[in-house]
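Participant: Turn this into a model:
(chains A and B)
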Amino acid sequence: VKLLESGGGLVQPGGSLRLSCAASGFTFTDFYMSWIRQPPGKAPEWLGVIRNKAKGYTTEYNPSVKGRFTISRDNTQNILYLQMNALRAEDTAIYYCVRDYMYYFDYWGQGVMVTVSS
Amino acid sequence: DIVMTQGALPNPVPSGESASITCQSSESLLHSNGKTYLNWYLQRPGQSPQLLIYRMSTRASGVSDRLSGSGSGTDFTLKISSVEVEDVGVYFCQQFLEYPWTFGGGTKLELK
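Facilitator: Here you go, the predicted structure:
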């Protein structure tokens, strides 16, 4: 199993960014996928999940980002996305793509840094 | 949201000694199916978190049997017997009972 995030970087407050996560080594459509972020030196924060094919690829979000962040997936290319809008300084963190397996997170990507600053 | 609160360790921990990390949830994590949805992760320096224990007491694949998880509905313990260099890092508990999934603030383990 490999999860490789990309798309991070420096963005101004109020700006947008889309993160991608290339998944391999497993049947992508069988699994729920989550995004989790971690500000430097702090605890992880779950952002949201997109369910598997059997559950119709439905989504759930943390209220802390609901309405600003959107999770989607391209099941033909095995890519997970996180669209982030109206970014704030407090969104600065390492963002992880994570496989969600039956009530635990079993594989994490290496993470990508997002810095929101003017 | 369910709030997860972790205790601190009396660092540094002497090599070979045991260490117990505590975690408390603001609500019971015991599901009506009898399972308790509490997980433990370790984040080694410079790495992503990795799963150690799921559903309170089941070790993940490849995890040393020196680690064990226990607890009740709201109070949980991760015990590490005979602490080694590979155990150094920050430990997080996490609940999977209800959205939004939430993590504890972390417990750092340093080795003496």
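
Participant: How about the residues of chain A by chain B?
Facilitator: Counting by C-beta under 8 Å from any C-beta of the partner chain, the residues of chain A close to chain B are A:34, A:42-46, A:60-64, A:96, A:103-106, A:108-111. Where you see a C-beta, it was placed from the backbone N, CA and C, and this is true even at glycine.

Participant: where does residue B:12 fall, phi/psi-wise?
Facilitator: With angles defined as degrees, to the nearest 10, residue B:12 sits at phi -80, psi 160.

Participant: Now do the contacts for it.
Facilitator: Residues near residue B:12 by C-beta atoms under 8 Å, 6 or more residues apart in numbering or on different chains: B:110, B:111, B:112.

Participant: Select only the buried ones of the residues of chain A next to chain B in PyMOL?
Facilitator: Here is the PyMOL command that selects the buried residues among the residues of chain A next to chain B (16 or more other C-beta atoms under 10 Å in any protein chain shown):
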select buried, chain A and resi 34+43+44+45+46+60+61+62+96+103+104+105+106+108+109+111
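
Participant: Quick one: mark the members of the residues of chain A next to chain B that sit in strands.
Facilitator: Counting by DSSP state E, these place A:34, A:45, A:46, A:60, A:61, A:96, A:105, A:106, A:108 in strands.

Participant: quick one: which two of those are the most distant?
Facilitator: A:61 and A:106 (21.1 Å; C-beta to C-beta).

Participant: Nearest the geometric middle of chain B, what residue?
Facilitator: With distances taken as C-alpha atoms, centre = their mean, residue B:40 lies nearest the centre of chain B, 3.5 Å away.

Participant: isn't that residue right next to residue B:93, touching?
Facilitator: Yes: taking C-beta atoms under 8 Å as the definition, residue B:40 is a contact partner of residue B:93 at 5.7 Å.

Participant: intersection of neighbour lists for the two?
Facilitator: Common neighbours of residue B:40 and residue B:93, counting by C-beta under 8 Å, 6+ apart, are B:23, B:78.

Participant: Quote the end-to-end distance of stretch A:27-46.
Facilitator: For stretch A:27-46, the first-to-last residue distance is 23 Å (C-alpha to C-alpha, to the nearest Å).

Participant: buried set for that stretch?
Facilitator: Across stretch A:27-46, burial judged by 16+ other C-beta under 10 Å covers A:28, A:31-38, A:43-46.

Participant: Throw these into a markdown table and include pLDDT, thanks.
Facilitator: Formatted as a markdown table, those follow (pLDDT from 0 to 100):
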| residue | pLDDT |
| --- | --- |
| A:28 | 98 |
| A:31 | 98 |
| A:32 | 98 |
| A:33 | 98 |
| A:34 | 98 |
| A:35 | 98 |
| A:36 | 98 |
| A:37 | 98 |
| A:38 | 98 |
| A:43 | 98 |
| A:44 | 98 |
| A:45 | 98 |
| A:46 | 98 |
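
Participant: Of those residues, which pair is most distant in space?
Facilitator: A:28 and A:43 (27.9 Å).
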